[in-house]
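*Asks:* With the sequence up front, the predicted model follows.
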Amino acid sequence: MTKEKLTTFQVTLETRDRLKSIGSKGETYDELINRLLDAEEPSDYWKRIGTIGVDSGLVMVGDPGYYEDTAKIHEDWGGFCKEYQDNAANGVYAIGKNGITAIVVPSGLGDGLYDVFAHFVGSRVGAVFVEFIAPDDEARVIKDGWQ
């Protein structure tokens, strides 16, 4: 590390001694502080990333690069709904070439806005979760008979 990229800041002797006690032999204060800061940053966590709006009671997850394969849905909505009802197993329906273009699922309580969460592993998205029925909604579903 070059000297012009260094800075100084004041700490009490007690803080310096605490840092020394947890540092490794040969580890600089800069390395120690960065190691401590890195340990504080979560590398495996869930984060709310937005919402999706639903106006059809269905949600589709798929690669947008295959969108042309799913354009028929918009061209013949009634036909798609019949195809979905005839082919969905427990509400889940795979569409497209060999069933790999997209997955269509019912959206919990029907139309509305639903929170979307991502599970981050480091800086990469490891999973996506859409919360159709939140824990407090479950009581409403049963109480109001929305099943």
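*Replies:* Cool, the structure landed.

*Asks:* Dig out what the residue most central in space within the chain forms beta bridges with.
*Replies:* Centrality entry for the chain: nearest residue to the mean C-alpha point is residue 118, 0.9 Å, by Cα atoms, centre = their mean. Beta bridges link residue 118 to residue 47, residue 128, judged by DSSP bridges.

*Asks:* how about it, what does it touch?
*Replies:* Residues in contact with residue 118 (Cβ atoms under 8 Å, 6 or more residues apart in numbering) are 46-47, 49, 125-129. Backbone N, C-alpha and C define where each C-beta goes, glycine included.

*Asks:* switch to 7 Å and redo it
*Replies:* With contact taken as Cβ atoms under 7 Å, 6 or more residues apart in numbering, residue 118 is in contact with 47, 49, 125, 128.

*Asks:* Enumerate every residue touching the second one.
*Replies:* Contacts were defined as Cβ under 7 Å, 6+ apart; by that measure residue 49 touches 116-118.
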